[in-house]
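Peer 1: Coordinates for the following, if possible.
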Amino acid sequence: MTRHLARALTLPIVLGTFTLGTPAVAAVPPSLSRPATQPGPAVVTALERAAHPLRTVEPGGDTRDLRPLSEMTGDARVVGLGEATHSSHDFFALKDRVFRHLVTERGFRTFALEASWSTGLRLDDYVVHGRGDPRRIMRDEFQRDYLWWNNTDYLRLVEWMRAYNERHPDDPVRFLGDDIAWTGPEVYDEVMEYVAGHHPELSARVTELYRGLRPAVPTGTYIEEYLGKPYAERRERADRTGEALRLLERQGPDGDRAGYDRAVQQATAVDRTARQYAFDFDDPAQTAAAMRYRDEAMADNVLWWQRRTGTKVLLSAHNAHVSYETMDPEHYPRMQGAFLRDRLGDDYVSVGLTFDRGSFNATGQDGAIHRWTLGPANPGSNEHTLDRVRHRDFLVDLRTLGPPAAAWLREARPTRSIGTDYPDGPYDVALARAHDVLIHLHDVEAARLRDR
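Peer 2: Numbers count the residues shown, from 1 in each chain. A predicted model of the protein is given here:
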């Protein structure tokens with residue numbers, strides 16, 4: 001198994017940076033070779049009529065400019081908020097600003113990040129109870145392909161959440177991690193403690209099933225070592241975690257429904273991590289199945305959390321993962337946003353983000369992290385058209401967009417979609433089919449990574 005493939009399997013978000021057996025070069029679908037077409041002035045005019053200017057991406061201060069976004073998201077229980085790169089300050093800052101606004105104006109109480117389930121639990125423990133040091137937690141948890149989240153913007157958001165909870169201890173905001181590439185040792189411990197306390201006769205068996213799985217090394221090292229194991233061993237590990245989960249499920253709540261439900265969810269998190277790696281990555285069909293499995297599992301984690309806590313959730317992920325359509329059906333058959341729409345209907349709203357120019361951090365072909373800068377988007381691209389609107393930054397409801405802009409944005413056109421590695425894309429995306437709402441930024445700058 002190549003390192004390129006291994007990286008693709010554990011990306012926090014990205015799609016299509018690497019395909020099976022290919023070098024790390026820009027992934028440009030064949031459809032992008034067609035001649036670029038420019039929209040007429042009527043398309044831009046229709047966009048301008050529907051656009052709502054955005055005052056700033058920075059959190060704090062007046063948020064009246066975000067009230068149209070509140071109306072567009074309505075009473076949705078989960079709002080997916082995307083990003084066109086994995087490491088631009090403006091996307092992260094805007095998510096912070098939008099979350100604060102939705103907390104105060106719409107009663108949202110959970111910020112969900114494409115980080116591992118156990119990472120979310122550690123950060124939730126901090127924002128709710130003040131346990132631990134967020135800088136240390138982020139340093140411990142955001143390693144390898146998750147390192148992009150260890151930035152100054154998300155640290156500011158986490159610290160704001162803790163300060164909010166100190167002022168509102170009876171109505172706290174929460175932090176959720178929905179991804180599955182890593183499950184920390186404390187989750188294994190919690191499952192085994194529950195079994196020992198409620199079903200001691202199963203304790204020895206569950207301990208044996210989890211043998212060798214509980215992490216004893218840092219996050220990045222654990223993921224790297226897991227990916228390096230032979231397929232048969234990875235498959236056998238998933239068989240064991242699956243058996244442990246089934247044993248627990250068969251016992252029932254035993255008078256403690258809340259404790260039982262949490263224990264089952266923790267055992268499910270352990271099983272999902274093992275299952276994410278239990279595919280034959282030398283088989284392109286199985287690799288695609290692994291990607292579908294991951295997106296569905298992330299959606300399931302969000303749904304479990306939302307139903308158990310009853311909170312409204314702002315879900316932070318790459319545009320591709322909050323989207324209804326995949327940019328690359330061969331390698332990524334179905335996305336988290338599609339699963340959420342299936343199960344929530346109109347209670348899920350997808351918000352995509354685009355940008356015309358600017359900088360971001362990403363890993364280059366040499367394996368090192370670089371700051372990349374892009375100039376204005378090319379004619380014929382979605383971004384080039386959006387940037388012709390007179391507002392520097394703006395948001396627009398794609399569902400109510402008038403003609404001819406609606407038809408223009410319902411056709412797939414070159415669009416920037418950059419993940420953890422670069423070069424990457426552009427991809428053909430039909431923005432009005434992929435998202436309900438769109439936020440366009442004129443320019444962005446690279447995020448400030450911590451501990452680098």
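Peer 1: CA only for contacts and neighbour counts going forward, please
Peer 2: Will do.
Peer 1: dump the residue contacts of the residue nearest to the spatial centre of the chain.
Peer 2: Centroid-nearest residue in the chain, with Cα atoms, centre = their mean: residue 317, separated by 2.8 Å. Contact analysis of residue 317 by Cα atoms under 8 Å, 6 or more residues apart in numbering lists 13, 80-83, 113-114.
Peer 1: The same query, at a cut-off of 10 Å, please.
Peer 2: By Cα atoms under 10 Å, 6 or more residues apart in numbering, residue 317 lies in contact with 12-14, 80-84, 86, 112-115, 178, 323, 336-337, 352.
Peer 1: where does the chain have low pLDDT?
Peer 2: Counting by pLDDT under 70, the low-confidence segments of the chain come to 1-36.
Peer 1: buried stuff in the helix ranked longest in it?
Peer 2: The helix spanning the most residues in the chain, taking DSSP state H as the definition, is helix 284-309. Buried residues in helix 284-309, counted by 16 or more other Cα atoms under 10 Å: 287-303, 305-306.
Peer 1: what does stretch 198-209 give?
Peer 2: Applying 16+ other Cα under 10 Å to stretch 198-209 flags 198, 203, 206-207, 209 as buried.
Peer 1: residues in contact with that stretch?
Peer 2: Contacts of stretch 198-209 (Cα under 10 Å, 6+ apart): 188-189, 191-197, 211, 237-245, 247-248, 251, 253-256, 259-260.
Peer 1: Which of those fall within strands?
Peer 2: Cross-referencing the contacts of stretch 198-209 against strands under DSSP state E gives no overlap.
Peer 1: Sort out which of those are buried, if you could.
Peer 2: By 16+ other Cα under 10 Å, the contacts of stretch 198-209 give 188, 191-192, 194-196, 237-245, 247-248, 253, 260 as buried.
Peer 1: doesn't residue 343 fall inside a helix?
Peer 2: Yes. Applying DSSP: H, G, I helix; E, B strand; the rest coil, one finds residue 343 inside a helix.
Peer 1: check contacts around it.
Peer 2: So residue 343 contacts 299-300, 303 (Cα under 10 Å, 6+ apart).
Peer 1: Repeat that for residue 242.
Peer 2: With Cα under 10 Å, 6+ apart as the criterion, the residues that contact residue 242 are 209, 236, 267-268, 270-272, 274-275.
Peer 1: is it true that residue 233 touches residue 278?
Peer 2: Yes. Contact criterion Cα atoms under 10 Å: residue 233 and residue 278 qualify, at 8.5 Å.
Peer 1: more crowded one of those two?
Peer 2: residue 278 (22 against 13; other Cα atoms under 10 Å).
Peer 1: Would you mind measuring from that one to residue 222?
Peer 2: 15 Å (Cα to Cα, to the nearest Å).
Peer 1: cool, and residue 323?
Peer 2: 30 Å.
Peer 1: Looking at these two, which has the bigger crowd around it?
Peer 2: Each of residue 323 and residue 222 has its neighbours counted (other Cα under 10 Å); residue 323 has more, 30 against 19.
Peer 1: these two touch, right, that one and residue 84?
Peer 2: No. Here residue 323 does not reach residue 84: they are 11.7 Å apart, not a contact under Cα under 10 Å.
Peer 1: Please identify every residue contacting each of the two.
Peer 2: 317, 352.
Peer 1: about what we covered before: of the contacts of residue 317, which belong to helices?
Peer 2: 336-337.
Peer 1: So which of the contacts of residue 242 wins on neighbours?
Peer 2: residue 270 (30 neighbours).
Peer 1: hang on, residue 359 is in a strand, isn't it?
Peer 2: Yes. Counting by three-state DSSP, residue 359 is found in a strand.
Peer 1: tell me which element residue 137 is part of?
Peer 2: Assigned by DSSP states H and E, residue 137 belongs to helix 134-141.
Peer 1: List of residues touching that helix?
Peer 2: Against helix 134-141 from outside (Cα under 10 Å, 6+ apart): 115-116, 118-120, 122-123, 125-127, 133, 142, 146-147, 149-152, 154-156, 158-159, 162, 182, 184, 218-220, 450-451.
Peer 1: Might you specify the subset of the residues you listed located within helices?
Peer 2: Filtering the contacts of helix 134-141 for helices - DSSP H - leaves 118-120, 122-123, 125-127, 152, 154-156, 158-159, 162, 219-220.
Peer 1: Show me where this structure has its strands.
Peer 2: Secondary structure of the chain by DSSP E: the strands cover 52-53, 78-81, 108-116, 174-179, 312-316, 348-363, 369-374, 394-397, 413-415, 427-429, 437-444.
Peer 1: Those strands: which one's closest to residue 71?
Peer 2: The closest of these to residue 71 is strand 394-397. By Cα to Cα, the value is 9.7 Å.
Peer 1: from the chain's centre, how far out does stretch 253-264 sit?
Peer 2: 28 Å (Cα atoms, centre = their mean, to the nearest Å).
Peer 1: ah, wrong one, I meant stretch 207-215
Peer 2: On the basis of Cα atoms, centre = their mean, stretch 207-215 sits 28 Å off its chain's mean C-alpha point.
Peer 1: if I look at residue 107, how far off is residue 117?
Peer 2: 23 Å.
Peer 1: more crowded one of the two?
Peer 2: Taking other Cα under 10 Å, residue 107 and residue 117 do not tie; residue 117 has more neighbours (27 against 15).
Peer 1: What residue in this protein is the furthest from its centre?
Peer 2: residue 201 (39.1 Å).
Peer 1: Residue 394 reaches residue 388, doesn't it?
Peer 2: No. Using Cα under 10 Å, residue 394 makes no contact with residue 388, being 11.5 Å away.
Peer 1: Right, I'll call it a day here.
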